[in-house]
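In: This is a predicted model, with the sequence first.
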Amino acid sequence: MNNQTDRVWQSAEVAHGYLEGMRGAIPLATVQLDVMMRIIRSACPELKCFLDIGCGDGILGHTILAHYPDAQGILIDFSEPMLEAARHKLVANRVQLQFLNQDYGKDDWVNAVRSYAPFDAIVSGFSIHHQADARKQGIYFEIYDLLKPGGVFINIEHVAPDSRWNEELFSQLFIDSLIIHNQQYQPEIGPEETERRFREREDQHANRLAPLELQLEWLRDIGYEQVSCYLKIFELAVFGGKRPNE
C-alpha cells in the first residue's frame, strides 16, 4: 500500500501504550459491544465461525465467545504485539482460535483466511480507518465475499467528523473518559498531562478517516443489505450490513 502510515502499530511501545491507556477509555465501549452482539444474535442465532480483522487485543472475539463459547474464530492483525495481547486475553479458548499475522491493507490477505470461510460474522474494531478510501472499499468487498449468505459484517469504527466543532466535541469526550480511566488505573497521570498525551499521541497520524454516510453507500453498492449505522456519537460509529440469503 502506498504512503502507508499505520506501521506505527507494529511498535510494541505504541501498541502497549494504547492497550494500557486509550483502549480501556474508549467512550461507550460497553454499549458498542452490546450493540454488536445484539446484531450478531439476530443475524446468526447459531453462529459457528467468525473472523476479526485488525483484532488488536482480541476484545471483540472475547465478547463473541462469551455468547458463543463453542465458536471457531480467526483473528488477524499485522501487529505482533497486538496479536500477543490477543493470545493472552483468549488463552482459555486457544484450541478453537487461529491467530494470523496478516496485513489486510494488501489484498492478498484473503488467501490466508479463505480456507476457513465462509464466516457467519466478520467484525472489526477501530482498525479499517487506517486504510486509504479505495482500500477501505476493497476490504468491504473482500469481507462480503468471505461471508456466508445471511452472514453479517459489523464495524466498530472511528469515522470522519462532520465539522471542526464536532471534532473538538469528540476530543473533549475522549479526554474526559481518559481522565476518569487514569484516575482509577494510572492516578499519577493528571488531567493536564492526560490531555497533552491525547492531543500529541503518535498514532493519530495513522488515521485516514472517511465519512460515515460515504461508507454506508459503499456497502450498499457492494450488495450488503440491512445496511445501517446502529450507534453513533461524534466520531464513533457502529455500522455494517448483511450478505443477502441466496
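Out: Alright, I've got the coordinates.

In: what's the longest helix along the chain packed up against?
Out: If each helix of the chain is counted by residues according to DSSP state H, the longest one is helix 164-185. In this structure, helix 164-185 makes packing contacts with helix 191-199, judged by 3 or more Cβ pairs under 8 Å, 6 or more residues apart in numbering; DSSP states H and E. Any C-beta I mention is one placed from the backbone N, CA and C, and that applies to glycine too.

In: Now the helix it packs on: buried residues?
Out: By 16 or more other Cβ atoms under 10 Å, the buried positions in helix 191-199 come out as 194-195, 197-198.

In: now it against helix 164-185, angle please.
Out: 130 degrees (axes from the mean of the first three to the mean of the last three Cα atoms, to 10 degrees).

In: Tell me the helix or strand right after helix 191-199.
Out: Proceeding C-terminally, helix 191-199 gives way to helix 212-222 as the next helix or strand, assigned by DSSP states H and E.

In: so after that following helix, what's the next helix or strand?
Out: Scanning onward from helix 212-222 (DSSP H and E), the first element met is strand 225-233.

In: can you give me the angle that next one makes with helix 164-185?
Out: Using the same axes, to 10 degrees: strand 225-233 against helix 164-185 is 70 degrees.

In: Check the offset of strand 225-233 from the chain's centre.
Out: Here strand 225-233 shows a centroid-to-chain-centroid distance of 15 Å under the convention Cα atoms, centre = their mean, to the nearest Å.

In: Check which helices and strands the longest strand seen in the chain is in contact with.
Out: Secondary structure assigned by DSSP state E gives strand 147-158 as the longest strand of the chain. Applying 3+ Cβ pairs under 8 Å, 6+ apart, one finds that strand 147-158 contacts helix 29-43, strand 119-125, helix 133-146, helix 212-222, strand 236-242.

In: what's the most distant pair in the buried residues of helix 191-199?
Out: Among those, the pair separated by the greatest distance (Cβ to Cβ) is Glu195 and Arg197, at 7.4 Å.

In: Quickly list what's touching both of those two.
Out: In terms of Cβ atoms under 8 Å, 6 or more residues apart in numbering, Glu195 and Arg197 are not both contacted by any residue.

In: Could you count how many residues lie near Ser228?
Out: Counted with other Cβ atoms under 10 Å, the neighbours of Ser228 add up to 13.

In: who's sitting farthest from the centroid in the protein?
Out: Distance from the C-alpha centroid of the chain peaks at Glu188, with 29.3 Å (Cα atoms, centre = their mean).

In: contacting residues for the closest residue to Gly223 other than its chain neighbours?
Out: The shortest distance from Gly223 to any non-neighbouring residue, by Cβ to Cβ, 6 or more residues apart in numbering, is to Tyr144 (6.3 Å). Listed by Cβ under 8 Å, 6+ apart, the contact partners of Tyr144 are 153, 222-224, 243.

In: how much space between Tyr144 and Ala117?
Out: For Tyr144, the distance to Ala117 under the criterion Cβ to Cβ, to the nearest Å works out to 11 Å.

In: likewise Glu202?
Out: The separation that Glu202 has from Ala117, given Cβ to Cβ, amounts to 35 Å.

In: coming back round to it: ok, which pair from the contacts of Tyr144 is furthest apart?
Out: Among the contacts of Tyr144, the pair separated by the greatest distance (Cβ to Cβ) is Phe153 and Gly223, at 11.4 Å.

In: Could you tell me which residues touch both of the two?
Out: With Cβ under 8 Å, 6+ apart applied, the overlap between the contact sets of Phe153 and Gly223 consists of 144, 243.

In: So for those two, which sits in the more crowded spot?
Out: Applying other Cβ under 10 Å to Phe153 and Gly223 shows that Phe153 carries more neighbours, namely 27 against 13.

In: The more buried one: what's it in contact with?
Out: Contacts here follow Cβ under 8 Å, 6+ apart; on that basis Phe153 touches 121-123, 140, 143-144, 147, 219, 224, 240-243.
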